[in-house]
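J.: Prediction below, plus the sequence it came from.
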Amino acid sequence: MLTEKEKLDSLTALGIELNYVQDLDILMEKILSEARRFVDADAGSIYIRDDESLHFSYTQNDTLQKRLAKNEKLVYSTFSIPIDEKSMAGYAALTGNTLNLQDVYHIKPEKPYRFSKKFDKASNYTTKSALTIPLKTSAGDVLGVLQIINARNEKKEFIPFSSENQKVMTHFASIAAVALKRARMTRAMILRMIKMAEMRDPKETGAHVNRVGSYAIEIYDKWAAKHQISHEEIEKNRDIFRMAAMLHDVGKIAISDVILKKPGRFETDEYEIMKQHTIYGAQLFQDRESEFDDAAKEVALTHHEWWNGKGGYPGYVDINTGEPLEQYRQVDGLTGTRSGEDIPIFGRIVALADVYDALCSVRAYKEAWAEDKVLSTIEQSSGTQFDPELVEIFFESLDIIRSIQHRFPDK
């Protein structure tokens, strides 16, 4: 456990570290894990404000995590609660005050807020102490609520949060709020880009890209663990990859409405034009400013390529011209296709995530498929369209994948 001096000394460094994280969801996970580490809390949750409600966004719980197999993740339901005095999180958001409760099962009757026992009963967990902190900007605006649960002593016994814990967490929350505000602005910019694409292509919705980005991260996490990628590399890649995955189809803004909004399947010549969206998307990120541009270009270009090299597009092309690269040009003049691990891992993952979500969703030319049909199609495409290792990881992650669908529903 960190000493109080170590906690305070590390806050400045942590503020710098949090501001390097660009993706909103990755940042929320990191805020929660760092908050728990600072005060050695067993569990915690983070809520994000959406108008007059709080959206339950992420939760972590060491006790429940230990009940799972290695590399499995907690599956949780997302929900919203009103910003009012009836719940602890709602009260903190409404008043801007921190709540430090020693025992949530014994809240004084005169208090307006109560603890909901539903989660404890459903998971066979016992919540005791809880520190509920509003995430406020310097202007006093509440962006969300951080709630950490069950402080622990050296023997890992549950104890109340001390006044020193509360002081440190108040400082932490102010630092986290700055990073959170910046990440929300970044997410808003990305969603505006996607909104532009949605105006052209009704299929490219915010819910769709959030699901694809979230699926992609879950698959990447397990792939990276199996390939013994370093923790530092994983953390860096998760941040840029989620945003890049969300922008996989942004090149569609350059495709004609006649094709994008056609209420049916494409003719051969229309399909050839549609395939160019991969190249247009890659061109958007060609003027490199950061590693994010590299990842976004890679995903946009390669997320329709096939593992066996016998289908998909665009293959080896010059993204400036869309023409085949000379060294890969085939005798008949067609573009040489990539296959296997020559296709970048980010593209291989998004290929699977995107197709899965498309099959599960309503399209102009089809209804949403039943889950068993979707899963059968994914399984049958292992080794042809999709990387078989990634398909295996996908099926290992199905519970999380399903929970993501509920987290980002179509409106």
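T.: That came through, no problem.

J.: ok now do the closest residue to residue 15 other than its chain neighbours, which residues does it touch?
T.: Leaving aside its chain neighbours, residue 15 sits nearest to residue 175 (4.3 Å; criterion: Cβ to Cβ, 6 or more residues apart in numbering). In short, each C-beta sits where N, CA and C put it, glycine included. By Cβ atoms under 8 Å, 6 or more residues apart in numbering, residue 175 lies in contact with 11, 14, 15, 18.

J.: tell me which element residue 175 is part of?
T.: helix 163-200 (DSSP states H and E).

J.: Just want the angle from the helix or strand following that helix to helix 163-200.
T.: Counting by DSSP H and E, the next helix or strand C-terminal to helix 163-200 is helix 206-226. With axes from the mean of the first three to the mean of the last three Cα atoms, to 10 degrees as the basis, helix 206-226 and helix 163-200 are set at 120 degrees to each other.

J.: Just checking the distance from stretch 233-252 to the centre of its chain.
T.: Counting by Cα atoms, centre = their mean, to the nearest Å, stretch 233-252 is centred 10 Å from the centre of its parent chain.

J.: in that stretch, what counts as buried?
T.: 234, 237-252 (16 or more other Cβ atoms under 10 Å).

J.: what do you get for stretch 266-280?
T.: Quick answer for stretch 266-280 (16+ other Cβ under 10 Å): 270, 274, 275, 276, 277, 278, 279, 280.

J.: same check, this time on stretch 319-328
T.: Buried residues in stretch 319-328 (16+ other Cβ under 10 Å): 319, 322, 324.

J.: doesn't residue 298 make contact with the first one?
T.: Put plainly, it is residue 319. No. Using Cβ atoms under 8 Å, residue 319 is not in contact with residue 298; the gap is 10.7 Å.

J.: quick one: common contacting residues for the two?
T.: Common neighbours of residue 319 and residue 298 (Cβ under 8 Å, 6+ apart) are residue 282.

J.: Identify the residues contacting stretch 29-36?
T.: Residues outside stretch 29-36 that contact it (Cβ under 8 Å, 6+ apart): 14, 18, 21, 41-46, 58-60, 146, 148, 169, 172, 176, 179-180.

J.: circling back: return the subset of the buried residues of stretch 233-252 lying in helices.
T.: 234, 237, 238, 239, 240, 241, 242, 243, 244, 245, 246 (DSSP state H).

J.: want to try JSON lines for the residues you listed, with distance to residue 92 as columns?
T.: Below are those laid out as JSON lines (distance: Cβ to Cβ, whole Å):
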{"residue": "234", "distance to residue 92": "32"}
{"residue": "237", "distance to residue 92": "34"}
{"residue": "238", "distance to residue 92": "29"}
{"residue": "239", "distance to residue 92": "28"}
{"residue": "240", "distance to residue 92": "32"}
{"residue": "241", "distance to residue 92": "33"}
{"residue": "242", "distance to residue 92": "28"}
{"residue": "243", "distance to residue 92": "29"}
{"residue": "244", "distance to residue 92": "34"}
{"residue": "245", "distance to residue 92": "33"}
{"residue": "246", "distance to residue 92": "30"}
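
J.: okay, those residues in a markdown table with distance to residue 356 and pLDDT next?
T.: Shown next, in a markdown table, are those (distance: Cβ to Cβ, whole Å; pLDDT from 0 to 100):
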| residue | distance to residue 356 | pLDDT |
| --- | --- | --- |
| 234 | 22 | 93 |
| 237 | 21 | 93 |
| 238 | 19 | 93 |
| 239 | 23 | 91 |
| 240 | 22 | 93 |
| 241 | 17 | 96 |
| 242 | 16 | 94 |
| 243 | 19 | 92 |
| 244 | 18 | 95 |
| 245 | 13 | 96 |
| 246 | 15 | 93 |
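
J.: Looking at these, spot the one nearest residue 127.
T.: residue 238 (28.8 Å; Cβ to Cβ).

J.: Am I right that the closest one is in contact with residue 217?
T.: Yes. Between residue 238 and residue 217 there is a contact under Cβ under 8 Å: 5.7 Å.

J.: what touches both of those two?
T.: Contacts common to residue 238 and residue 217, judged by Cβ under 8 Å, 6+ apart, are residue 26.

J.: how much space between the closest residue to residue 78 other than its chain neighbours and residue 10?
T.: In this structure, residue 78 finds its nearest non-sequential neighbour in residue 407, 4.6 Å apart by Cβ to Cβ, 6+ apart. Per Cβ to Cβ, to the nearest Å, residue 407 is found 31 Å from residue 10.

J.: between the two, which one's more packed in?
T.: Neighbour tally, residue 407 and residue 10, criterion other Cβ atoms under 10 Å: the higher count belongs to residue 407, 20 against 17.

J.: pretty sure the more buried one is touching residue 79, no?
T.: No. Residue 407 lies out of contact with residue 79 (Cβ under 8 Å); the separation is 10.0 Å.

J.: Where does pLDDT dip in the stretch 51-200 of the chain?
T.: Counting by pLDDT under 70, the ranges of the stretch 51-200 of the chain that qualify are 198, 200.

J.: same thing but 80
T.: When residues are selected by pLDDT under 80, those of the stretch 51-200 of the chain lie in 70-71, 76-77, 194-200.

J.: What of the stretch 251-400 of the chain?
T.: 261-264, 322-337, 362-366.

J.: So what's the residue count around residue 219?
T.: 27.

J.: contacting residues around it?
T.: Shown in contact with residue 219 (Cβ under 8 Å, 6+ apart): 349, 352, 353, 390, 393, 394, 397.

J.: Ok, residue 374 next?
T.: With contact taken as Cβ under 8 Å, 6+ apart, residue 374 is in contact with 356, 359, 360.

J.: any idea how far the helix or strand hosting it is from the chain center?
T.: In this assignment (DSSP H and E), residue 374 forms part of helix 371-380. How far helix 371-380 lies from its chain's middle: 24 Å, per Cα atoms, centre = their mean.

J.: What residues sit buried inside that helix?
T.: 374, 375, 378.

J.: which one among those residues gets closest to residue 256?
T.: The shortest gap between residue 256 and any of the buried residues of helix 371-380 belongs to residue 374, at 29.8 Å (Cβ to Cβ).

J.: How much space separates that closest one from residue 213?
T.: Residue 374 is 19 Å from residue 213, by Cβ to Cβ.

J.: for residue 19, same thing?
T.: When residue 19 is compared with residue 213 (using Cβ to Cβ), they lie 21 Å apart.
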